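Colleague: Here is a sequence with its predicted model. Questions after.
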Amino acid sequence: MPEEAPAPNAFDLLAPGVQRRLWDMKWTELRPIQADAIRAVLGSRDDLVLMAETAGGKTEAAFLPLLSQIADEALGSVRVVYVGPLKALINDQFSRIEDLCKHLEVPVHRWHGDVGEAARRTLIQQPGGVLLITPESIESLLVNRTANLSGVFGGLRAVVIDELHAFLDASRGLHLASVLARLSRRVSGDRPRMIGLSATIGDTDAARRYLSPDAPERVRVITDPGETKELQMRLHVYRPAGSPDAEDDARQLSLHTVAADLVEHCHGRSNLVFCNAKGDIELLADEGNTIARASGLVPSFVVHHGSLSREIRDDTESRMKSERPYTAICSSTLEMGIDIGSVHTVGQVGPPWGVASLKQRLGRSGRRDDEPRRLRMYVIEDADPHAEDPVHRLPLRTLQSVAVVELMLRERWLEPPALPEMDLSTLSQQVVALIAERGGVTPAAAYEQLCVRGPFRAVETAVFADLLRSLGAEDVIEQAPRGELILGLEGEHIRTGRGFYAVFDTPVEYRLVHDSRELGTLPSGAVPAEDDHLIFAGRRWKVVSVDADRQTIYVQPARGRKRPLFLGSPGHVHRRIRERMLEVLIDPPPLPYATGPARELIAASTSAAEQSGYSGRRLTPMSDSVTDLVTWTGTREQLTILSMLSAAGLEVTDKEVSIRCRASVENVRSVLETITDYPPPIETIARAAIQRATLHKYDYLLSEELRGRAIAANDLTLDSALELLRHIS
DNA sequence: GACCTGCTGCGGATTG
């Protein structure tokens, strides 16, 4: 029997200049994922997914072999494109990769909105090496630098997508796939190799299909098993003891208690505390620092979220990197990417939205080899055992927190990512962009580029033709006499508008200014009045004046305090989480990480739910004319069922884990029987869903029929909704 | 009551 050749030593495969750099940096060994990636890149043409914890060496795993491969390539074209979702991440990675290139003749470029004209000129005039860029900046190159594309990208060998999971379930992922497909037309020679980097992906097949839709089975997934780290965790539950009338006061009181506990738990160390709402971030930081001062401690809470100015976020980031102990109270801005040093404990205030998000956040602690991961969850439970409405008696926040933790720890399950395959808003933007790139394009060529070679494969030719008609009706495009599509008046307007390059929508915002220094922004729908107080950027302010023309709010320091208002819209919860919440409710598992009060609360809820008819999926009468359809299912199923019932003529209200119907039990039961026997056409359900579904950036250009098609494909899930209804007793 | 992300090009005048 022939002996299998031993795997080559990965280090020996690297280019001499790369080896020398590793000697300089005193690396004694390569991590397994790096050795595997080096062998895969230098020994095959396969596309790759590299999965490892944040700071697990993924960047080096991809770039050590890629740099080795291009070390001897002449200038004349960029060889490797690195796509990052954040400018801050690109800046971080730029210095890391430049550092790896110290002994190589490989230039490293970056291009995003904050990169200066000189650096841009260098890339255009002397392209070569590595380019770090955002999806939106690729779009701007395609549209504005068309004449340079072949020169800059003609010899491209590989595309690296960092934080791949961030692109796998949103419009931005489709946008990125589309600009890469448009770019690959400009590459001569072989299709560039695709490499995705990510910490955690619930479904690696989705990642494979994304990187290589034509041959997903040939994408190799390399996972760093990592050592299974010890997790120390605690679930704290807070119960407002206020009167039902004073709900806000009660919540405020609970936040005070959470803040007091945070001071105790966080004092003297560096920590990250994630909140679900930006208003809570500001309030908790203010409260925590006030309590710390009163106890003679150094106030060390700082804030970080997306409405703060870059300057204030930079300040928080550099404090976190410093030797002094700070605790950042933050939103998902600190969930991914930029390195903020070692963190002792991760806090989570309120139930996590999902397992993937909690896992990502948890990865921020226990970075050092000898350190365990530490997680503290703080849940303000506003369920009231005496409430008239049975839904308000259920401890939904506590149940959701427990369900997410149980799914993560015991089932090792994550939400699978799902791209909105019928994203007609993003497709509309791509039609405009493609016309802008080529000057004009025939409908057939547009379909070929966007829906055959590009990511909109679920869009059939008839739907695409409808879309073009819809865009024509809105003056976005028009057809030249020879059949070519060109931009119409509205299309030119969209294309030259400032917001054109991104496919996600941004609400109108007012700037908050003190002493000509910008602190951040507030939504135009929640602008405070003159003399109002607010907490912002961790400090207290009073509004001096509001300039509506300049959309600016001028403030000065003050003593009064008020939670700022940010207008968000509810997110999605996966069906498995709500199902698990029901299981925890009817048969609580041992919860060693929960404090005594948390366990007692759940135990007490079991019998209460039984009595109120919420301990299973069933029809529960509230009165002769009101019936609750208890669903315990995900937001997508919930939307589908709501729309079906409403299309059948019932008056319905979303109650999160149930649907309240203004009708008798018999009436609702007969509607359910009809629906399950003769399900209404999806178009009918989609029409009923239009009012409740999220509106995307370019949806306003679509006919109602197209909008319905998009909702049917992206927002509804008929099969699992019907399956659930068939089991309603 | 619910998070985040991004972003012209060009020509002409002026200055060192």
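Modeller: The structure has been received and is ready for your questions. What you see is a predicted model; the values in this text were computed from it and never measured. Numbers count the residues shown, from 1 in each chain, chains lettered A, B, ... in the order given.
Colleague: Tally up the residues packed near the closest residue in space to residue A:608 that isn't next to it in sequence, please.
Modeller: With C-beta to C-beta, 6 or more residues apart in numbering as the criterion, residue A:608 has its nearest non-adjacent residue at 5.7 Å, and that residue is residue A:393. C-beta coordinates here come from the backbone N, C-alpha and C atoms, glycine included. Here the count is done by other C-beta atoms under 10 Å, and residue A:393 has 19 residues near it.
Colleague: got a pLDDT number for residue A:393?
Modeller: We have a pLDDT of 93 for residue A:393.
Colleague: got the buried residues for whatever helix or strand residue A:720 lives in?
Modeller: Using DSSP states H and E, residue A:720 maps to helix A:718-726. Taking 16 or more other C-beta atoms under 10 Å as the neighbour-count basis, helix A:718-726 is seen to contain the buried residues A:718, A:721, A:722, A:724, A:725.
Colleague: can I get those in a markdown table with pLDDT?
Modeller: Output for the buried residues of helix A:718-726, formatted as a markdown table (pLDDT from 0 to 100):
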| residue | pLDDT |
| --- | --- |
| A:718 | 95 |
| A:721 | 96 |
| A:722 | 96 |
| A:724 | 96 |
| A:725 | 97 |
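Colleague: So which residue is dead centre in chain A?
Modeller: Nearest to the mean C-alpha position of chain A, counting by C-alpha atoms, centre = their mean, stands residue A:166 at 5.5 Å.
Colleague: Next, work out how far apart it and DNA strand B are.
Modeller: Spatial separation of residue A:166 from DNA strand B under the definition C-beta to the nearest atom of the strand, to the nearest Å is 7 Å.
Colleague: thinking that residue is in contact with residue A:332, fair?
Modeller: No - Residue A:166 sits out of contact with residue A:332 when judged by C-beta atoms under 8 Å, with a separation of 10.2 Å.
Colleague: Low-confidence stretches in chain A?
Modeller: The model of chain A has pLDDT under 70 over residues A:1-7, A:226-227, A:241-250, A:337.
Colleague: Check it for the residue nearest DNA strand B and tell me.
Modeller: Of all residues in chain A, the one sitting closest to DNA strand B is residue A:568 (2.1 Å; C-beta to the nearest atom of the strand).
Colleague: In a helix, that residue, correct?
Modeller: No - counting by DSSP: H, G, I helix; E, B strand; the rest coil, residue A:568 is located in no helix; its state is coil.
Colleague: So what touches the longest helix anywhere in chain A?
Modeller: Across chain A, the longest stretch assigned as helix under DSSP state H is helix A:247-266. Contacts of helix A:247-266 from elsewhere in the structure, counted by C-beta atoms under 8 Å, 6 or more residues apart in numbering, are A:236, A:238-243, A:271, A:273, A:280, A:283-284, A:287-288, A:291-292, A:295, A:297, A:300-301, A:327, A:345, A:347, A:349, A:376, A:378, A:380, A:382.
Colleague: what's the neighbour count on residue A:610?
Modeller: With neighbours defined by other C-beta under 10 Å, the count for residue A:610 comes to 13.
Colleague: For it, what is the enclosing helix or strand?
Modeller: Element membership for residue A:610 (DSSP H and E) is helix A:596-612.
Colleague: Send me that helix as PDB with only the CA atoms.
Modeller: As requested, the backbone C-alpha atoms of helix A:596-612 are provided in PDB (Å, rounded to 0.1, in the frame of the first residue of the first chain):
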ATOM      1  CA  GLY A 596     -32.400  32.500  43.200                       C
ATOM      2  CA  PRO A 597     -35.100  35.200  42.400                       C
ATOM      3  CA  ALA A 598     -34.700  34.400  38.600                       C
ATOM      4  CA  ARG A 599     -35.300  30.700  39.200                       C
ATOM      5  CA  GLU A 600     -38.300  31.400  41.500                       C
ATOM      6  CA  LEU A 601     -39.800  33.700  38.900                       C
ATOM      7  CA  ILE A 602     -39.700  31.100  36.300                       C
ATOM      8  CA  ALA A 603     -41.000  28.400  38.600                       C
ATOM      9  CA  ALA A 604     -44.000  30.600  39.600                       C
ATOM     10  CA  SER A 605     -44.800  31.300  36.000                       C
ATOM     11  CA  THR A 606     -45.300  27.700  35.000                       C
ATOM     12  CA  SER A 607     -48.600  27.300  36.900                       C
ATOM     13  CA  ALA A 608     -49.700  30.800  36.100                       C
ATOM     14  CA  ALA A 609     -49.300  30.200  32.400                       C
ATOM     15  CA  GLU A 610     -51.200  26.900  32.800                       C
ATOM     16  CA  GLN A 611     -54.100  28.800  34.300                       C
ATOM     17  CA  SER A 612     -54.200  31.500  31.700                       C
END
